[in-house]
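1. the sequence and its predicted three-dimensional model are supplied below.
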Amino acid sequence: MNEWAALLMRLLFSRAPVCPVLVKYFYCKQIDLYIKRTFVRNAYILASKQRESAVLSGNLSEPAHSMTERGMDLAAGVLRFAAVTALTFLGLLAITFFIGRVVPIDPVVAVVGDRATQEVYEATRQALGLDRPLLVQFGIYVRDVLTGDLGVSLTTGRPVVEDLARFFPATVEMATAGILIGVLLGVPMGVIAAARAGSWLDQVIRVLGLLGYSVPAFWMGLVGLAVFYAGLGWVAGPGRIDIFYDGLVPTVTGLLTVDALLAGDWTIFGNAVSHLILPAAILGFFSLAYIARMTRSFMLDQLAQEFVTTARVKGVSEWAVIWKHAFYPIRVQLVTVIGLSYAVLLEGSVMVEIVFSWPGIGNYLTTALLRADMAAVLGATILIGTVFIVINRLSDLLYRVFDPRSR
Amino acid sequence: MPPLLELKNLRVSFPGPRGPVEVVRGVSFDLGRERLGIVGESGSGKSLTGRSILRLLRPPAKVSVDHLRFDGQDLMAMSDRQMRAVRGARISMVMQDPRYSLNPVMTVGAQIAEALRVHERIPRRAVRARVLDMLEKVRIHDPEHVMRLYPHEVSGGMGQRVMIAMMLIPKPDILIADEPTSALDVSVQAQVLDLIEEMIAENGMGLILISHDLDLVARYCDRVLVMNRGEVVEELQAGALHSAQHPYTRGLLESVPRMNETRRFLPVMDRVAGMGT
Ligand SMILES: Nc1ncnc2c1ncn2[C@@H]1O[C@H](COP(=O)(O)OP(=O)(O)O)[C@@H](O)[C@H]1O
Ligand SMILES: [Mg+2]
């Protein structure tokens, strides 16, 4: 049992490039599944409500719920929401805990080295709590994580929490810029493609989307650098900032662009943007492909609905038909799609981070994996998992707030 | 004086695997401020005829017509903008099923107000007053409350009244009602039809009532067109329905069960009867 699990971990972690590709693949599958499930569920809720109202089809609407009843509903909903979130988080910790026990790395040896005496080994083992029942160990683990203790990284020699606080903002900055580009271009592209379905414009957008799926990130990164940095000199090269400016603005948020703005230093801001723009555009291109494709399919769905025809019958302009009647209802689904694309970017695009020497979480995680630095690997995994959970729950919440049918 | 609406030789086709398939094959009629019924089996091209008048069909549907005139103007020659000024304000349409034809994420009040605001520039307060007034006219009690509801919160019958209110609020000249009661409970069908009848009479409008139910059309219309396979096979005064000559119409009439009779078998429509004419 332990053997084959160990083998699996070795397989996953031994070849660095294989791992992120696999993880990416599974995440994408997971997102598609998640979105489908959400829609099926909502469609089901809708259908059952309609059946109810068909049964009740008297002349008057059903009497409005009393205020107290609504309050109770709301309280129960909040409670359920919190419970589900907490359970999901606990599940995440259980997984990282399990991985921590399964990998063929002895945590005691990792601390004391393999030439320590038996006494030292035993003493450390007890100090680490490894002699206690598994459940107790898990309890301690949960307590440690909740108090912000993720252990010490072997590679950097610093607490993992500190490392994450240093590396994660770089990823956040790139991912945020990337998702902004992806949304600002991808959503209108998807809407236009749907409104002009079958036209040459639709075809062009489809080909762009296909490119976003099939071109490898590192290739785009290298070509982008060759053309826009080395060739045209329009953007700055790898790294977050020119070495000359490094460390000049005080760290507040960890996002260099924001910190430069806060310090009021436009030169540094310009330099940071110039470093950021190319990798962000590449990430943006990948999320754009996905966002545009999903927007297009949601919009096609809506445009075929009868209420869109109703709007046209009323004499509503085509622009308002598309944006007000067809687009407005899908904004919640879009929030889910965008949120999950953002989560994928926040996980740190290893390829882009490596090509651009970006000191982000993807880079950190890969280095940690290659050095078998388990505390760092698990810490980063918890962080990424938490981001996923939070975004997931947020989009679920938005669904409830925005869609009158799910209230 | 020319009739309010003139339709001559309407043809609608869809591309099929072996060339275009014509599903409306030369429908013509005139309409004044009267009540015209269109009956026929499901699939006979009634809805496509209704939607063609508002120029609502989009590719891949192909529409051709010799002329389509409304109030002396050629609808086919109008720009999109001019056509939008006709839709809703001059010719309007009540759709079949309020569960699908009302926007699920807009309140009832907002949807009705939109129908008015598209065509008239009037202050917000006045819009609200007109919406409330209209809701009362379609006999909705407590319109203040209903205005704030979403379509899933109202019953089918009420949804259809909301639809009628929305389509009549800009005071159009012609109302097309496409199976307005097929999706409703039997108990509220008559109420909704009576309401349409009353509103039409009150405003002196023209009505095109589309239905698969001969009796219903005979009761609420002055004149009836019988459609089969995309063609008008017979035109009758509503009172003279039972003296219909065409075999297809006779078939339709005979396949309706009566309360005061006993029949072992209900005749099955002979679809070939209408062919070749
Ligand atoms: N989008 C479409 N594509 C292909 N065929 C269509 C389409 N819409 C309608 N039709 C065909 O046109 C015929 C008439 O449709 P319709 O006018 O909706 O009939 P009804 O009399 O029941 O309202 C139907 O037989 C249907 O098969
Ligand atoms: Mg129809």
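-> Everything's here; your move. Ligands and ions are numbered 1, 2, ... in the order given.
2. pLDDT score for A:Arg312?
-> Each residue has a pLDDT score; the one for A:Arg312 is 93.
3. secondary structure element for it?
-> Applying DSSP states H and E as the criterion places A:Arg312 in helix A:306-314.
4. residues in contact with the helix or strand following that helix?
-> Using DSSP H and E, the next helix or strand after helix A:306-314 towards the C-terminus is helix A:318-320. Helix A:318-320 has contacts (Cβ atoms under 8 Å, 6 or more residues apart in numbering or on different chains) with A:Ala195, A:Ala311, A:Arg312, B:Asp80. C-beta coordinates here come from the backbone N, C-alpha and C atoms, glycine included.
5. make sure B:Phe14 is actually in contact with B:Val63.
-> No - counting by Cβ atoms under 8 Å, B:Phe14 does not reach B:Val63; the two are 10.6 Å apart.
6. those two - which one has more neighbours?
-> B:Val63 (18 against 14; other Cβ atoms under 10 Å in any protein chain shown).
7. how about that one: which residues does it bridge to?
-> In this structure, B:Val63 bridges to B:Val12 when assessed by DSSP bridges.
8. OK, contacts around it?
-> By Cβ under 8 Å, 6+ apart, the neighbours of B:Val63 are B:Leu10, B:Arg11, B:Val12, B:Ser52, B:Arg55, B:Leu57.
9. ditto for A:Gly148
-> Taking Cβ under 8 Å, 6+ apart, one finds A:Val161 in contact with A:Gly148.
10. one more: A:Ile322?
-> Per Cβ under 8 Å, 6+ apart, neighbours of A:Ile322: A:Val191, A:Ala195, A:Met299, A:Leu303.
11. and the contacts of B:Val63, which are buried?
-> Listed as buried from these are B:Leu10, B:Arg11, B:Val12, B:Ser52, B:Arg55; burial here means 16 or more other Cβ atoms under 10 Å in any protein chain shown.
12. the helices in the stretch 101-250 of chain B, which residues?
-> Using DSSP state H, counting those that start in this stretch, the helices of the stretch 101-250 of chain B run over B:108-117, B:124-137, B:143-147, B:156-168, B:186-203, B:214-220, B:247-254.
13. let's have those helices in TSV, adding mean pLDDT and distance to ligand 1.
-> As requested, the helices of the stretch 101-250 of chain B are exported to TSV (pLDDT from 0 to 100; distance: least, Cβ to the nearest ligand atom, whole Å):
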stretch	mean pLDDT	distance to ligand 1
helix B:108-117	92	23
helix B:124-137	89	28
helix B:143-147	90	30
helix B:156-168	89	17
helix B:186-203	86	18
helix B:214-220	86	13
helix B:247-254	73	13
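14. okay, now the residue of the stretch 151-277 of chain B at minimum distance from chain A: neighbour count?
-> Nearest residue of the stretch 151-277 of chain B to chain A (Cβ to the nearest Cβ) works out as B:Ser155 at 3.9 Å. Neighbour count for B:Ser155, taken as other Cβ under 10 Å: 22.
15. quick check: it vs B:Val23, distance?
-> 34 Å (Cβ to Cβ, to the nearest Å).
16. do the same with A:Ala94
-> 60 Å.
17. the two: which is more packed in?
-> Between A:Ala94 and B:Val23, counted using other Cβ under 10 Å, B:Val23 has the larger neighbour count: 18 against 13.
18. surely that one meets B:Ser13?
-> Yes - using Cβ under 8 Å, B:Val23 is in contact with B:Ser13, at 6.6 Å.
19. once you drop chain neighbours, what's closest to B:Val65?
-> Once flanking residues are discounted, B:Val65 sits nearest to B:Leu10: 4.8 Å by Cβ to Cβ, 6 or more residues apart in numbering or on different chains.
20. thought the one you found was touching B:Ser28?
-> Yes - between B:Leu10 and B:Ser28 there is a contact under Cβ under 8 Å: 7.1 Å.
21. stretch B:20-35 - what's its average pLDDT?
-> 90.
22. got a list of contacts for that stretch?
-> B:3-15, B:36, B:45, B:48-49, B:52, B:62, B:173-174, B:197, B:200, B:204-209, B:220-223, B:225, B:227, B:229-232, B:235.
23. what of stretch A:249-259?
-> A:165-166, A:168-170, A:172-173, A:176, A:240-241, A:260, A:262-263, A:265, A:268-269, A:272-273, A:276.
24. between its first and last residues, what's the separation in it?
-> 7 Å (Cα to Cα, to the nearest Å).
25. check whether the closest residue to A:Glu306 other than its chain neighbours sits in a helix, strand or coil.
-> With Cβ to Cβ, 6+ apart as the criterion, A:Glu306 has its nearest non-adjacent residue at 4.0 Å, and that residue is B:Tyr100. Of the three states, B:Tyr100 takes helix under DSSP: H, G, I helix; E, B strand; the rest coil.
26. ok, stretch A:71-80 near chain B or not?
-> No - judged by Cβ under 8 Å from any Cβ of the partner chain, stretch A:71-80 makes no contact with chain B; its nearest approach is 15.2 Å.
27. could I get the CA-only coordinates of that stretch as CSV?
-> Provided in CSV are the C-alpha atoms of stretch A:71-80 (Å, rounded to 0.1, in the frame of the first residue of the first chain):
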residue,chain,number,x,y,z
GLY,A,71,-34.6,35.3,8.6
MET,A,72,-34.5,31.6,9.6
ASP,A,73,-33.9,30.6,6.0
LEU,A,74,-31.0,33.0,5.8
ALA,A,75,-29.5,32.0,9.1
ALA,A,76,-29.7,28.3,8.1
GLY,A,77,-28.2,29.1,4.7
VAL,A,78,-25.2,31.0,6.3
LEU,A,79,-24.7,28.2,8.7
ARG,A,80,-24.7,25.5,6.0
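28. check the offset of that stretch from the chain's centre.
-> Distance of stretch A:71-80 from its chain centroid, counting by Cα atoms, centre = their mean, to the nearest Å, is 28 Å.
29. what's the neighbour count on the closest residue to ligand 1 within chain A?
-> Ligand 1 sits closest to A:Ala304 of chain A, with a gap of 9.9 Å, by Cβ to the nearest ligand atom. Residue neighbour count, defined by other Cβ under 10 Å, stands at 10 for A:Ala304.
30. before we move on, what about B:Ala89?
-> With other Cβ under 10 Å as criterion, B:Ala89 counts 20.
31. next one: the one 10 residues further on
-> B:Arg99 sits with 20 neighbouring residues when counted by other Cβ under 10 Å.
32. repeat that for A:Gln305.
-> The number of residues packed near A:Gln305 is 17, by other Cβ under 10 Å.
33. and the pLDDT for B:Ala177?
-> pLDDT at B:Ala177 comes out at 92.
34. what about the closest residue in space to it that isn't next to it in sequence, neighbour count?
-> With sequence-adjacent residues excluded and distances taken as Cβ to Cβ, 6+ apart, B:Ala177 is closest to B:Val94, at 4.4 Å. The number of residues packed around B:Val94, counting by other Cβ under 10 Å, is 26.
35. quick check: B:Val94 touching B:Ile164?
-> Yes - the criterion here is Cβ under 8 Å, and B:Val94 meets it with B:Ile164 at 5.8 Å.
36. OK, contacts around B:Gln96?
-> Going by Cβ under 8 Å, 6+ apart, B:Gln96 touches A:Glu306, B:Asp178, B:Glu179, B:Pro180, B:Ser182, B:Ala183.
37. any idea how far B:Arg35 is from the residue lying closest to B:Leu241 once chain neighbours are set aside?
-> Nearest residue to B:Leu241 in three dimensions, chain neighbours excluded: B:Ala218, at 4.8 Å (Cβ to Cβ, 6+ apart). Per Cβ to Cβ, B:Ala218 is found 11 Å from B:Arg35.
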